[in-house]
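Visitor: predicted structure and sequence below. I'll ask about it afterward.
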Amino acid sequence: MSARTPGSVRVGAIDCGTNSIRLLVLEAALEGGVVVAREQLHRENRIVRLGQGVDATGRIAPDAMARTLAAAGDYAARCAEHGVQQVRFVATSASRDAENASEFTTQVASAFAEHGFEVAPEVISGEEEARLSFLGATGPLRARGVPGPFLVVDLGGGSTEFVLGDDAVTAARSVDLGSVRLTERHLHSDPPGPQEIVDATADIDAGIDDAAQVVDLTAVTTLVGVAGTITTTAAHALGLSSYDRERLDGAELPAERVRAAARDLTGRTRAERSELGFMHPGRVDVIGAGALLWHRIIERVEQASGITTVTTSESDILDGTALDLAGRHLS
């Protein structure tokens, strides 16, 4: 374990979504009154599919809970190894929808207690998810001079957050649309059939209409996409042979190029998707639905605001959670 820099804090952030659970161990400090990341000590992502069947049953399945708890225990061990001082565990869409979420969070707390951490896992609201996503995604872009207002779209397995703002959030809406949820509802064929795509698109448009009642799509200068579906689609648009975080972070691409990549992913069979070098095995069966959702969001924002490019960010709710926690400790 490396020594902590004086004046800094080490935090562990865990983002537990519908499809994946992720860990970031970060050392941060105050510089000029602003919390900044000094060093990323560990970053990890596991596909656990916590939301398997939640849309239909309203409950977290036992095998899905077991997979996720095993990962949480490993993450607690990683935090201990790195000398983490504080941990925040946030759970999103699947846990919000599950009637047995309290059973899950109780067991997560026990897993962290075994490694000396007092953690109260939070099933956060869509609004808090949106705030943390915006914090994580826009900080690095503003530092590079990318102009706002930004629309940050955090496309997950069970929900999608639409967050508008410049220096701070001005409007946000979370809708129950995501790669896992749409796959389970509509896309059962391999590849998806025409009628399945029509039905899924109608569901998507209803969700975007709901978001647009609160979030002004005409006010967008920079459209920013975060999370696995979006970064994977960007990897396809870039023609990457393997997943390259550095190439993807901050990548600004023509909107039509991204939409073309999304259409291609939706139209492929699962076997064809699995052959793509950048594709995580845990996304093969749901990326078609996620790409369809991202395609339609880009199209609707283009129509409303006239944007011609799409920016991909590797910094998202996980980074926002870590920075937010560090700020609480340092203030």
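Guide: Thanks, I have the structure now.
Visitor: count of neighbours near the spatially closest residue to H188 that is not a sequence neighbour?
Guide: Spatially, and ignoring its direct neighbours in sequence, H188 is nearest to E196 (6.7 Å; C-beta to C-beta, 6 or more residues apart in numbering). Every C-beta, even on glycine, is put in place using the N, C-alpha and C of the backbone. Neighbour count for E196, taken as other C-beta atoms under 10 Å: 20.
Visitor: contacts only, for E196.
Guide: Counting by C-beta atoms under 8 Å, 6 or more residues apart in numbering, E196 touches H186, L187, H188, S189.
Visitor: quick one: low-confidence parts of this protein?
Guide: Counting by pLDDT under 70, the ranges of the chain that qualify are 1-3.
Visitor: and for the longest strand along the chain, what's in contact with it?
Guide: Ranked by residue count, the top strand of the chain under DSSP state E comes out as strand 34-47. Defining contact as C-beta under 8 Å, 6+ apart, one finds that strand 34-47 is touched by 2, 5, 8, 10, 19-30, 71, 75, 78, 82, 228, 280-283, 319, 322-323, 326-327, 330.
Visitor: for stretch 257-277, same thing?
Guide: The contact list for stretch 257-277, computed with C-beta under 8 Å, 6+ apart, reads 190-192, 197, 232-234, 236-237, 240-243, 279, 281, 284-285, 287-289, 291-292, 294-295, 298-299, 310.
Visitor: and these, which are buried?
Guide: 191-192, 197, 232-234, 236-237, 240, 279, 284-285, 287-289, 291-292, 294-295, 298-299, 310 (16 or more other C-beta atoms under 10 Å).
Visitor: tell me which of those residues fall in strands.
Guide: Mapping the buried ones among the contacts of stretch 257-277 onto strands (DSSP E) picks out V310.
Visitor: residues in contact with I204?
Guide: L177, L182, L292, L293, R296, I297.
Visitor: ok, the second one touching A291?
Guide: If I follow you right, that is L182. No: using C-beta atoms under 8 Å, L182 is not in contact with A291; the gap is 10.3 Å.
Visitor: picking up where we left off before, which strands or helices does the following helix or strand past the longest strand of the chain pack on?
Guide: Using DSSP states H and E, the next helix or strand after strand 34-47 towards the C-terminus is helix 54-57. If you count contacts as 3 or more C-beta pairs under 8 Å, 6 or more residues apart in numbering; DSSP states H and E, helix 54-57 packs onto helix 93-97, helix 179-185.
Visitor: please name every helix or strand in contact with the longest one.
Guide: In other words, helix 179-185. Other helices and strands packing on helix 179-185, by 3+ C-beta pairs under 8 Å, 6+ apart, are helix 54-57, helix 194-212, helix 287-305.
Visitor: which residue ranges of the protein form helices?
Guide: For the chain, the helices defined by DSSP state H cover 54-57, 62-81, 93-97, 101-113, 126-143, 179-185, 194-212, 228-238, 245-248, 255-267, 270-274, 287-305, 317-330.
Visitor: just so I know, which of the ones you listed lies nearest T218?
Guide: Each of those has some distance to T218 by C-beta to C-beta; the shortest is helix 287-305, at 4.9 Å.
Visitor: tell me, what residue is most central in the chain?
Guide: A227 (3.6 Å; C-alpha atoms, centre = their mean).
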